[in-house]
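Asks: have a look; sequence and predicted model below, questions after that.
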Amino acid sequence: MTMPMDAAKQRIARNLYEAEAALDLALMRQSQLLTTIVEARHETAVAPFTGQEAIVRLARGLQSTLSAEGDLARVHRRLQGIGRELCGDDGGDTPIKGLEEAAALAA
């Protein structure tokens, strides 16, 4: 069974935007967790470095999520190129400059 090009483009676009939104949500949740841990440590007057290993690991997770966002920006940019090559698309409404900046920052 062959998928029509328009259906493929729509499915890819939908999944791509969902993946981008999921990474943003993960970044927000991890950031909120980091803030909550540090606030809890401060407000409960526990020892200053209580939970430090967990905080460091969470910070590494944040960095990994940021790196994943940069990789996904590169995927998005490449898919726009494929759309132009195969279909003459202009890449939709996503600004190429923004994708390039995100990919460069994550590199």
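Replies: Yep, it's here.
Asks: quick one, helices of the chain?
Replies: 5-43, 52-87, 96-106 (DSSP state H).
Asks: now those as a markdown table including mean pLDDT?
Replies: Formatted as a markdown table, those follow (pLDDT from 0 to 100):
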| stretch | mean pLDDT |
| --- | --- |
| helix 5-43 | 95 |
| helix 52-87 | 94 |
| helix 96-106 | 59 |
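Asks: ok, the residue most central in space within the chain to G61 distance?
Replies: Closest to where the C-alpha atoms of the chain average out (Cα atoms, centre = their mean) is E69, at 3.0 Å. As defined by Cβ to Cβ, to the nearest Å, E69 lies at a distance of 13 Å from G61. Placement of C-beta: from N, CA and C, glycine included.
Asks: then K9?
Replies: Remark: distance between K9 and G61 (Cβ to Cβ) = 33 Å.
Asks: neighbour count winner among those two?
Replies: It is K9, of K9 and G61, that has more neighbours when counted by other Cβ atoms under 10 Å, with 18 against 15.
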